[in-house]
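Novice: What shape does this take:
(chains A, B and C)
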Amino acid sequence: MSKKSIDRRSFLKTTAAAATTAVAARSMLAAPAVHAQEAVTLRLAGTGVNAYNEIADKAKEDLGLNIEYTTLVSDDVVRRAVTQPTSFDLLDTEYWMLKKIIPAGNILGMDTKRIKYYDQIVPIFTKGELPDGTPISNQGTAPFEVSYLEEEGGKSFATDATEFMTAIPTVYNADTLGIRPDLIGRPIESWAELLNPEFKGKTAILNIPSIGIMDAAMVMEAMGEVTYEDKGNMTKEEIDQTIARLIEAKAQGQFRAFWKDFNESVNLMASGEVVIQSMWSPAVTAVRKQGIACTYQPLREGYRAWAAGLTVPTHLTGKKLDAAYDFVNWYLSGWVGAFLNRQGYYTAVLDTAKEYMSDNEWAFWMEGEKATAPIVAPGGEELEPAGATRDGGSFWERMGRVACWNAVMDEDRYMVRKWNEFIAS
Amino acid sequence: MARSERPPYFPLMVTIFAIFVVFLYAPIITIVILSFQGPEGGLTFPMRGVSMHWFVELFGPQSIGDIWGAFRRSFALGLMVMVCTVVISLMAGLAYRHRFIGATGLLYVAIASLIMPSVVVSLGIGAGFELAGIERNWYTSGLGAHLTWTMPFGLLIMFAVFNRFDPAFEEAARDQGASGWQTIRYVVIPIILPSLIGIALFGFTLSYDELARSSQAIGAVNTLPLELQAMQTNATTPVIYALGTLTTGLSFLVIFVTVAAAVIVRRRQDRHGSDAGKA
Amino acid sequence: MATVRKTPANVIAYLQAFPMAAIFFIFFILPICMVVVVSFFDYQTYDILIPDFVFFNYVDVFSSETTYRTYWATVRFCVITWAITLVLGFTIAHFLAFYLKTVPTQLVCFLICTIPFWTSNVIRMISWIPFLGRNGLINQALMSLGIVDAPQEWLLYSEFAVMLGYVHLYTLFMIVPIFNSMARIDKSLIEAAKDQGASSLQILTNVVIPLTKPGIAIGSIFVLAIVMGDFVTVSVLGGGQIPSIGKSIQTELSYLQFPPAAANAVVLLGITILMIVALIRIVDIRKEL
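Specialist: Numbers count the residues shown, from 1 in each chain, chains lettered A, B, ... in the order given. Here you go, the predicted model:
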């Protein structure tokens, strides 16, 4: 035995130089592997929106599970999802992209019987309605439309709830315009203001074509210039009309820049390059944290909403699949929900999250009430002083006024061509 | 050599070079200033106080991303790419001093590798490994992806290096009975050594800063640029500027120490009247 | 040893070229073959890869006015960037090669020029906002010096900004090959010309430039190839409003429209290769190797 190992060692010595350096580099750099409890490692691919190290640490503590993040920008996440499903064990992706990811057949339907808190998941995802039973907007790719599969390994969506869920919601939100009240100096009430010549050269929209065009559609509908059957699934004529108006606005120098990543929107706003743009709630908080006035302005036409969820690839089996279910169940059990609610996002199971939030926090973030004590970030720094209220109010005031969802359009090839035309104009 | 005689327009040329260097450092200057933001400051002006806060934060745990893990990987990968690029480009450069079938083809493949948008190459490598059932890693598929980016530079710079390289040196060595390897080792390499150092610098820098070509080919853990880019999908703090300031500062320190050491050694040699080590 | 010496030169050449050829084969040729195949695939919104042999992805590329407009914009950037980096790069290389006497000084200067690139481009790209932006360093300086009254908006998110970014990133790619070509110039040649009474300008045009041509051509290939395929600089510094072929491909890829993106990439490759073939016809970079 020992002789054999020596032989192997001497063999190793004589392997090609490149191979040895690679091996050496690996052993040198790999974190000391802990084999003690045979902890399962799950590679979680997703964007940095909710890839908090605090969550991974807590999962390790509570479940003994190693979460290894592969944090990427959204485009790369989607590309990996369809071309390299074996490169991850869990995928955190936006719901609208499921429309393209699921038909590729790499995602497993998750058995709802194994989801402990399934019945408590917000009915936006499980029924397509608000808790009081009123249906939520189905313009665009509403999460409910892409939440269920006909069968476990299915490639097509079920029109009603089945036993197999495509994704377990992680974070979602209702987006609106962020504004710099100090630089605008008057009330803003409508999406139409985005194309108001008053803000020439000081506006921005999202640089994700299907979402940017939807921002524009919100504006045009508000201005009464175009009417849409479904802003999240435009016809060719609607796309033509919208792009034509965008080209006109671009020619007049209406836009300062388009943003793609969270942080860009923060920088554009904080630096004063832009005074009005579509934004995310935590991005507004990040601007305010720098002592710069920024309001997440509720508008009369409502919100453009989005949602993201955890999916499991088909290659997962046995222990790893069990671990994935454990992780998902733990994710919904409250601690993570509370953590993410405090960032300004909404999470899937509200009841459990509430248990992990103080009354003051819950009232501020979820019920739109005045903070009775300062609101602090998970890191400890103060976000809002006592007496502040959340822009847009309570969960139901905001989610109840969703006008459309981020979407993939049936005409997306045409839309992308037209978008490129807009950029080239 | 007319050492004392300065070439014409010397002050003008120095000025042009100085302006160019200032231009190169423009973003770095901004980064250095903003890395001293107060604890409440952001990535853009205005400054909200002055502090070392973000340097302290840089060494603490981050909420999003793993800067130091990614840094270690990027640094190691950069060194591996550097060595491979120098060795492989030198070999190929030597090959091009003879005629061989496929020489033109290989040159155009190298040029094509520069042109092809990196996202496309990366996607191809990632999907190819998936189809072949091979796991992707930064030191396998990632290394390969980076080499498709650095080798074209290495090869073409070798062309410039061997441009009118006098074969008389090698012929003389061979006449003296040196083997092919000895000729290269003791004649060719010493002559082109500065250029090889240049290619090494190029190779390391291109790899260390590579983003798009890595994105799909790197496997589960990120290189530094990818990690930094991923951090942009959440609120990012001046910690990344602190990293930039630190990198730049340390690089300067290393150069300064090296130059100082070289000067001291040179002085000592001069004093002892030895000519060892002189070119 | 003796056997090594007997090996014919061209066999050695194959061995020497092999590692590079092998790496390109595995990591570039094979993936690109896939791309070429995919460019003939059919595509539906919710079924992204349908094996087929159709030409409409190419028809789409060539029949769209946007394509020509985008190529025009990209080629224009290319030519302007090339001209600026060439003049700047040549000047700097000239300084490094002829004005600095020792190799260590040259190396230190190269290092100084390289260090900014060791701060990741992701970080540098963000820092252009506080540098060129409305409240950025340049505008503050200009206003405090009384040169302008109001912030200059064209400094950022404009063609100017994109150009500036290109020059910033790619001048070094011009300097290095030109410098290496210059380093091969026999100093006695210049001395001889000087002794014959040639002026500095004459030495430059009759001795230095002709002998540096391969370096110039190689630097030009670098700049041309990278700018043609760029999408990062153009996106960030153009504020997302300036077109480039690389960016169109990137946009298509973000919607997983692989076949059209593949067709676009193949066309880009073809066009740029043609440009470079033309360049190499003018200056043979392998001459006198």
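
Novice: Every contact and neighbour count from this point should use C-alpha atoms.
Specialist: OK.

Novice: Show me what the residue nearest the centre of chain A is bridged to.
Specialist: Central residue check for chain A by C-alpha atoms, centre = their mean: the C-alpha nearest the mean position is that of A:Ala308, 4.5 Å away. Using DSSP bridges, the bridge partners assigned to A:Ala308 are A:Glu94, A:Val171.

Novice: give the contact list for it.
Specialist: Going by C-alpha atoms under 8 Å, 6 or more residues apart in numbering or on different chains, A:Ala308 touches A:92-95, A:169-172.

Novice: could you measure it against chain C, distance?
Specialist: Counting by C-alpha to the nearest C-alpha, to the nearest Å, the separation of A:Ala308 from chain C is 17 Å.

Novice: Please point out which parts of stretch A:385-392 sit buried.
Specialist: Judged by neighbour count (16 or more other C-alpha atoms under 10 Å in any protein chain shown), stretch A:385-392 contains these buried residues: A:388-390, A:392.

Novice: Just send those back as a markdown table, with secondary structure too.
Specialist: Below are these laid out as a markdown table (DSSP: H, G, I helix; E, B strand; the rest coil):
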| residue | secondary structure |
| --- | --- |
| A:Ala388 | coil |
| A:Thr389 | coil |
| A:Arg390 | coil |
| A:Gly392 | coil |
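
Novice: Looking at these, which is nearest B:Leu228?
Specialist: Within these, the smallest distance to B:Leu228 is 30.3 Å, found for A:Arg390 (C-alpha to C-alpha).

Novice: Let's see the pLDDT reported for the closest residue to the closest one other than its chain neighbours.
Specialist: Distances taken as C-alpha to C-alpha, 6 or more residues apart in numbering or on different chains put A:Gly368 closest to A:Arg390, at 5.5 Å, once the chain neighbours are dropped. According to the predicted model, the pLDDT of A:Gly368 comes to 92.

Novice: One more: the one 10 residues further on?
Specialist: The predicted local distance difference test score for A:Pro378 is 74.

Novice: ok, now the one 5 residues further on?
Specialist: Residue-level confidence at A:Leu383 comes out at 87, pLDDT.

Novice: pretty sure it is touching A:Ile375, no?
Specialist: Yes: in this structure, A:Leu383 sits in contact with A:Ile375. The criterion is C-alpha atoms under 8 Å, and the distance is 5.5 Å.

Novice: quick one: the longest helix anywhere in chain C near chain B?
Specialist: Taking DSSP state H as the assignment, the helix of chain C that covers the most residues is helix C:65-94. Yes: using C-alpha under 8 Å from any C-alpha of the partner chain, helix C:65-94 comes into contact with chain B via C:91-92.

Novice: Would you mind giving the domain segments of chain B?
Specialist: According to automatic domain parsing, chain B is divided into the following domains: B:10-60, B:62-241.

Novice: Return the most buried member of those domains.
Specialist: Here the criterion is mean neighbour count by mean count of other C-alpha atoms under 10 Å in any protein chain shown, and of those the winner is domain B:62-241, at a mean of 22.

Novice: And the most centrally placed residue in chain C, how far from C:Val162?
Specialist: Among the residues of chain C, C:Val223 comes closest to the average C-alpha position under C-alpha atoms, centre = their mean, at 2.4 Å. In this structure, C:Val223 and C:Val162 are 14 Å apart, going by C-alpha to C-alpha, to the nearest Å.

Novice: Report the angle between the helix or strand harbouring C:Ala217 and helix C:65-94.
Specialist: C:Ala217 belongs to helix C:209-229 when assigned by DSSP states H and E. Orientation note: helix C:209-229 sits at an angle of 140 degrees relative to helix C:65-94 (axes from the mean of the first three to the mean of the last three C-alpha atoms, to 10 degrees).

Novice: Buried residues, helix C:209-229. List them.
Specialist: Neighbour-count burial for helix C:209-229, counted by 16+ other C-alpha under 10 Å, picks out C:209, C:211-229.

Novice: For chain B, tell me which of these show up nearby.
Specialist: Residues of the buried residues of helix C:209-229 in contact with chain B (C-alpha under 8 Å from any C-alpha): C:214-215, C:218, C:221-222, C:225-226, C:228-229.

Novice: Using CSV, lay out these together with pLDDT.
Specialist: Converted to CSV, those look like this (pLDDT from 0 to 100):
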residue, pLDDT
C:Pro214, 90
C:Gly215, 92
C:Ile218, 93
C:Ile221, 93
C:Phe222, 95
C:Ala225, 91
C:Ile226, 92
C:Met228, 92
C:Gly229, 88
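
Novice: so where's the longest helix in chain B?
Specialist: Longest helix in chain B, counting residues (DSSP H): helix B:239-271.

Novice: So that one, near chain A or not?
Specialist: No: judged by C-alpha under 8 Å from any C-alpha, helix B:239-271 makes no contact with chain A; its nearest approach is 12.3 Å.

Novice: helices or strands up against that helix?
Specialist: Contact here means 3 or more C-alpha pairs under 8 Å, 6 or more residues apart in numbering or on different chains; DSSP states H and E; on that basis helix B:239-271 packs against helix B:10-35, helix B:53-58, helix C:121-132.

Novice: how about the buried residues of stretch A:385-392 in TSV, adding distance to B:Leu250 and pLDDT?
Specialist: Rendered in TSV, the data for those read as follows (distance: C-alpha to C-alpha, whole Å; pLDDT from 0 to 100):
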residue	distance to B:Leu250	pLDDT
A:Ala388	44	92
A:Thr389	46	93
A:Arg390	44	93
A:Gly392	47	91
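
Novice: May I have stretch C:39-52 exported as CSV, CA atoms only?
Specialist: Coordinates of each C-alpha in stretch C:39-52 appear next as CSV, following Å, rounded to 0.1, in the frame of the first residue of the first chain:
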residue,chain,number,x,y,z
SER,C,39,-25.7,30.5,-36.7
PHE,C,40,-27.7,28.3,-39.2
PHE,C,41,-30.2,27.2,-36.5
ASP,C,42,-33.8,28.2,-36.4
TYR,C,43,-34.9,30.2,-33.4
GLN,C,44,-38.3,30.7,-31.6
THR,C,45,-38.9,32.8,-28.6
TYR,C,46,-39.5,29.9,-26.3
ASP,C,47,-37.4,27.3,-28.1
ILE,C,48,-34.0,28.8,-28.4
LEU,C,49,-32.1,26.3,-30.5
ILE,C,50,-33.8,24.4,-33.3
PRO,C,51,-31.3,22.4,-35.3
ASP,C,52,-31.8,23.4,-38.9
